[in-house]
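Q: Coordinates only, no sequence provided:
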Ligand code: URA
């Protein structure tokens, strides 16, 4: 593979930034400065360095997007902007959203080209837990806890798996929901069945992978494979809920 392609595939540099870096003599292959962008390298044989840092071969790309409202989780849509428009073109050509959030929902969406991982997290049998924080039209009622725990009916014959729900401390209009499945508009339909309405929804975590405090709505970050494995780990809710409350007080409370 060409050196400039190896760099753009495996780092945050675009192809043109990679070419620029090579021209400036900032790139080494096996300790030797290479100034030709078309120099041939092999994914696993050459040690490539950029500005003194090793660029390792990455088989797959993983992007943690903090989705803003107004974007659809799709690779193309005739009517609305897609989440791929929120990331640089050199990345958006490769990845697809692993799972969906509604157009008006915000929060964690994983974009990847790893079909195997995507299948693992989406397959209903895996029951990867997802945690949402929602703003309700009317105050939270304590009955919701048992209703959600017993498997709420969505009114069309569809019955949900048992789910957890509880109110946000000192704020009756906000609630936290944990689901282990992903039916269409599920959280909204669950609250509708309970006689309430979701006005705003934010997904904070999937498995043990959560939105970092620094990642504002609309921003994204690249993850390494080892970070993404957190998706398949059981959530550490002591830690996640603490972080969620910090996130809530800095980004969500004014929604
Ligand atoms: N449930 C919903 O109703 N909407 C989402 O975007 C995600 C879960």
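A: Sure thing, it's come through. Only a predicted model underlies this, so the values are computations on that prediction, with no experimental measurement involved.
Q: can you give me the strands for the stretch 51-200 of the chain?
A: Assigned by DSSP state E, counting those that start in this stretch, the stretch 51-200 of the chain shows strands spanning 53-55, 62-67, 96-97, 106-112, 130-136, 164-168, 171-179, 198-206.
Q: Out of these, which is closest to the ligand?
A: If you check each of the strands of the stretch 51-200 of the chain against the ligand by C-beta to the nearest ligand atom, strand 198-206 wins as the nearest, at 5.3 Å. C-beta here means a position set from N, CA and C on the backbone, and glycine is covered the same way.
Q: That closest one pairs with which strands, and in what direction?
A: Applying DSSP bridges, strand 198-206 is found paired with strand 106-112 (parallel), strand 130-136 (antiparallel), strand 209-210 (antiparallel).
Q: Mean neighbour count added to these, as a markdown table?
A: Below are the strands paired with strand 198-206 laid out as a markdown table (neighbours: other C-beta atoms under 10 Å):
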| stretch | mean neighbour count |
| --- | --- |
| strand 106-112 | 24 |
| strand 130-136 | 22 |
| strand 209-210 | 23 |
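Q: wait, which of the ones you listed is closest to residue 76?
A: Of all those, it is strand 106-112 that lies closest to residue 76, at 13.9 Å by C-beta to C-beta.
Q: List of residues touching that closest one?
A: The contact list for strand 106-112 (C-beta atoms under 8 Å, 6 or more residues apart in numbering) reads 60-69, 73, 83-84, 87, 91, 95-101, 118, 121, 132, 200-206, 209-211, 217, 220, 228, 231.
Q: Buried among the residues you listed? Make that a PyMOL selection.
A: To isolate the buried members of the contacts of strand 106-112 in PyMOL, using 16 or more other C-beta atoms under 10 Å:
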select buried, resi 61+62+63+64+65+66+67+69+73+83+84+87+91+95+96+97+98+99+100+101+118+121+132+200+201+202+203+204+205+206+209+210+211+217+220+228+231
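Q: before we move on, back to that, TSV for the strands paired with strand 198-206, including mean pLDDT and distance to residue 154?
A: Output for these, formatted as TSV (pLDDT from 0 to 100; distance: least, C-beta to C-beta, whole Å):
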stretch	mean pLDDT	distance to residue 154
strand 106-112	97	22
strand 130-136	97	16
strand 209-210	97	27
